[in-house]
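J.: Structure for this input, please:
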Amino acid sequence: MRAPLSWSQVFDEQIHPAKIFILEALDHVGLPLSAKEVNKMADGKRGDLVTWAYHLRQLAKESLLHRTHQAPYRGTLEAFYFYEPL
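T.: Numbers count the residues shown, from 1 in each chain. Reported below is the predicted structural model:
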């Protein structure tokens, strides 16, 4: 006999720890953050700038974050994202 499906386990395994860190950081700060700022908050220990940028974009694609603005930074545009709890 199989064990019943555990929805919490399914969701826990599908949510990347970087996404959880990003949402908690945005909720704590209460201001828009960029991948560079999230990386600084994580002390570079949980990922690199590319990882943070990817997960920020994915959270925005999933409508969990809103991209608020962009600012020039070293020849590129730095995107800022904001989390607004429901």
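J.: C-alpha from now on. contacts and neighbour counts both.
T.: Fine.
J.: need the contact list for the residue positioned nearest the centre of the chain.
T.: Centroid-nearest residue in the chain, with C-alpha atoms, centre = their mean: I22, separated by 3.6 Å. Counting by C-alpha atoms under 8 Å, 6 or more residues apart in numbering, I22 touches 38, 56.
J.: so how far is A3 from it?
T.: With distances taken as C-alpha to C-alpha, to the nearest Å, I22 is found 33 Å from A3.
J.: One more: F80?
T.: For F80 relative to A3 (C-alpha to C-alpha), the value is 43 Å.
J.: same thing with L49?
T.: From L49 over to A3 the distance is 40 Å, taken as C-alpha to C-alpha.
J.: just H55 next, same as before
T.: Counting by C-alpha to C-alpha - H55 and A3 are separated by 32 Å.
J.: Show me where this protein has its strands.
T.: 33-34, 66-73, 76-82 (DSSP state E).
J.: for the second one, the distance to its chain's centre please.
T.: With C-alpha atoms, centre = their mean, to the nearest Å as the basis, the distance from the averaged C-alpha position of strand 66-73 to the chain average is 15 Å.
J.: hmm, who's touching that strand?
T.: Contacts with strand 66-73, where a contact means C-alpha under 8 Å, 6+ apart, come from 32, 60, 77-83.
J.: mind redoing it with 7 Å?
T.: Identification of contacts with strand 66-73 by C-alpha atoms under 7 Å, 6 or more residues apart in numbering yields 60, 77-83.
J.: Same check on the first one?
T.: Residues outside strand 33-34 that contact it (C-alpha under 7 Å, 6+ apart) are 26, 78-82.
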